[in-house]
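A.B. asks: pasting the structure only:
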Ligand SMILES: *Cc1c(COP(=O)(O)O)cnc(C)c1O
């Protein structure tokens, strides 16, 4: 056993990497402000420490999906501009107005609710009108845009709102050359142009996420909204590895080997016996499972560095644990297993796990469970 016992499992977050990535993304969009998207607990990396690191490295804005995520940043004493965009009827508009949070507005119902909250608060709401330029998700359709813009102009004149931004989101920015990119850009220019002609003069117009920031300079406008790149993860394998993109992965997921034992040939391993030993061999138990965010879809495929070699999950990933076959290698109980990290020490990457599980690396880091302590380094 190790002299200082390792914790069962932990996610180390290198905040120096986060700062490096923010600077690298700012270099790609030098004339635009940068919004660090820290929704979903900063894609699993810890919202408050990552937000602070991003601001230190020059991010001017923080972005979240839900208002509750935005309030948590204010509660931590962060007074930077914060924007949140995922609202449902009856949401906490009043608190957003009181706390000076910019809100994304995708439809008339939302504009009506935020105006009522602003009237009650006695101060204008900062709103950013979202255009659906082709993603087909949130945002206002071009056909409904004149009515929404007209109502926003009227609300601004009566003093209940200040339109601080006009914005949209790409469907296929991670596929350079996809025809929807140029089409969405043309619609975005048309919709923002219309709003400006009607008298809106927003601080920021924005549409670029990480892949657009990295590969499509014509999409940068006044601000880029970068999430995954801040954490040093590649948005898509086709765009390159993090190193090729100038990014450093921030998260390393480590575990302590919980048990090493010898088993005879023909021994089934884990639920369903989908792995059977072909010789007498050693098994190492890794105490992390799907409750910790290890994808069950990576059963029989996920990679892990144990005893100096990358090995493959033997059989099923269970709720709390999985097993690797270590052969006759001298792995001991208490040794360290590295599930993923930057890859500098031969460990697998989040991208490797994404491939093993048939998903994207965004999901691998974001789904790491609340049972896994985050340890922030280089604050
Ligand atoms: C999550 C999100 C982003 C960030 O996207 P990345 O690809 O992670 O950079 C930007 N804008 C919106 C609206 C989002 O929901």
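C.D. replies: Arrived safely, thanks for sending. It should be emphasised that the depicted structure is a prediction, and the values quoted were computed from it without experimental measurement.

A.B. asks: from here on, contacts and neighbour counts on C-alpha atoms
C.D. replies: OK.

A.B. asks: need the distance between the two termini of stretch 169-181.
C.D. replies: Across stretch 169-181, the terminal residues are separated by 10 Å (Cα to Cα, to the nearest Å).

A.B. asks: and for stretch 203-213?
C.D. replies: Distance between the two ends of stretch 203-213: 19 Å, counting by Cα to Cα.

A.B. asks: contacts for it?
C.D. replies: Identification of contacts with stretch 203-213 by Cα atoms under 8 Å, 6 or more residues apart in numbering yields 25, 28-29, 164-170, 173-174, 192, 219-229, 235.

A.B. asks: so which of those residues also contact the ligand?
C.D. replies: Restricting these to those touching the ligand (Cα under 6 Å from any ligand atom) yields 169, 225, 226, 227, 228.

A.B. asks: for those residues, give me TSV that also has pLDDT and secondary structure.
C.D. replies: Formatted as TSV, these follow (pLDDT from 0 to 100; DSSP: H, G, I helix; E, B strand; the rest coil):
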residue	pLDDT	secondary structure
169	98	coil
225	98	strand
226	98	strand
227	98	coil
228	98	helix
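
A.B. asks: let me see the backbone angles for residue 107.
C.D. replies: Torsion angles at residue 107 (phi, psi; degrees, to the nearest 10) stand at phi -160, psi 170.

A.B. asks: could you find the closest non-adjacent residue to it?
C.D. replies: Computed as Cα to Cα, 6 or more residues apart in numbering, the closest residue to residue 107 that is not its neighbour in sequence is residue 140, at 5.8 Å.

A.B. asks: contacts only, for the one you found.
C.D. replies: Residue 140 neighbours (Cα under 8 Å, 6+ apart): 106, 107, 130, 131, 132, 148.

A.B. asks: remind me what the helix or strand in which the third one is found packs against, helices and strands.
C.D. replies: Going back to what we said before, that points to residue 130. In the assignment (DSSP states H and E), residue 130 maps to strand 125-130. Judged by 3 or more Cα pairs under 8 Å, 6 or more residues apart in numbering; DSSP states H and E, strand 125-130 is in contact with helix 93-98, strand 102-105, helix 108-121, strand 161-167.

A.B. asks: if we can go back for a sec, quick one: buried ones out of the ones next to the ligand among the contacts of stretch 203-213?
C.D. replies: Listed as buried from these are 169, 225, 226, 227, 228; burial here means 16 or more other Cα atoms under 10 Å.

A.B. asks: list the contacts of the residue of the stretch 251-379 of the chain at minimum distance from the ligand.
C.D. replies: Going by Cα to the nearest ligand atom, the ligand is nearest to residue 362 of the stretch 251-379 of the chain, at 7.4 Å. Contacts for residue 362 (Cα under 8 Å, 6+ apart) come out as 43, 228, 233, 235.

A.B. asks: what does residue 162 give?
C.D. replies: Residues counted as contacts of residue 162 (Cα under 8 Å, 6+ apart) are 124, 125, 126, 127, 156.

A.B. asks: grab the nearest non-local neighbour of the residue nearest the centre of the chain.
C.D. replies: Residue closest to the mean C-alpha point of the chain, counted by Cα atoms, centre = their mean, is residue 43 at 3.5 Å. Once flanking residues are discounted, residue 43 sits nearest to residue 366: 4.3 Å by Cα to Cα, 6+ apart.
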